[in-house]
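Asker: Build me a structure from this.
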Amino acid sequence: MKISRFFKHLLTSSALTSKTFNAEVLDAIEAEIKAGETTHHGDIRFVIEPALEPLDLLQGRTPRERAIELFSQLRVWDTEYNNGVLFYVLMAERSVEFVCDRGLRRRTTQQQWIDICNRVDEAYQQGKFLAGSLAAIQEINQILAAAYPEPDQINQLEDRPLIL
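Answerer: Modelled structure (predicted):
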């Protein structure tokens, strides 16, 4: 384990995360998710985590591994058409991960997700958290609308971003 990674996580507080993703930003993200979900029957779950636990860091846990764990814990996989998407942000590393359910993976390419991830990573590295998040959600909604074009009347996942 790199000691610099450990200190990044140690120094990234919930207060800093809540300042970056304040109520206004969370409201805007929630509104973008809700608006997009009127155009398809997929579901997006947006989760922000300030930092990993020290034991996770000592064990070498990656942001991807944590995102997959949260995908399961938050039951993003439990949508009717297996078309949920987890948008995971790890603030300590300014890292973004997308985890898609198996139904959606069959209708999209890995490169689509990599491209969105690269764009949002670039925005976050510039400190453009709101703009990067909204642009990524718009792109995800476009992918979901192409894959699952019929709007769903039932919202299966919470639209409000979750700060852990």
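Asker: top helix in the chain by residue count?
Answerer: The longest helix of the chain (DSSP state H) is helix 129-147.
Asker: Surely Phe98 forms part of a helix?
Answerer: No. Counting by DSSP: H, G, I helix; E, B strand; the rest coil, Phe98 is not part of a helix but strand.
Asker: circling back to that earlier point, pull the CA coordinates from the longest helix of the chain and hand them back as CSV.
Answerer: Extracted as CSV, the C-alpha positions of helix 129-147 are listed here (Å, rounded to 0.1, in the frame of the first residue of the first chain):
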residue,chain,number,x,y,z
PHE,A,129,-18.0,18.1,-9.7
LEU,A,130,-21.5,19.3,-10.6
ALA,A,131,-20.8,19.8,-14.3
GLY,A,132,-19.0,16.5,-14.6
SER,A,133,-21.8,14.6,-12.7
LEU,A,134,-24.6,16.2,-14.7
ALA,A,135,-22.9,15.5,-18.0
ALA,A,136,-22.3,11.9,-17.1
ILE,A,137,-25.9,11.4,-15.9
GLN,A,138,-27.1,12.8,-19.2
GLU,A,139,-24.9,10.4,-21.1
ILE,A,140,-26.1,7.5,-19.0
ASN,A,141,-29.7,8.5,-19.5
GLN,A,142,-29.0,8.5,-23.3
ILE,A,143,-27.6,5.0,-23.1
LEU,A,144,-30.5,3.8,-21.1
ALA,A,145,-33.0,5.5,-23.4
ALA,A,146,-31.4,3.7,-26.4
ALA,A,147,-31.4,0.3,-24.6
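Asker: Can you give me the buried ones in that helix?
Answerer: In terms of neighbour count (16 or more other Cβ atoms under 10 Å), helix 129-147 has its buried residues at 129-130, 132-137, 139-141, 143-145, 147. For every residue, glycine as well, the C-beta is placed using N, CA and C.
Asker: The helix or strand just after it pairs with which strands?
Answerer: Where DSSP states H and E defines the elements, the next helix or strand beyond helix 129-147 is strand 162-163. In the sheet, strand 162-163 lines up against strand 43-49 (parallel) (DSSP bridges).
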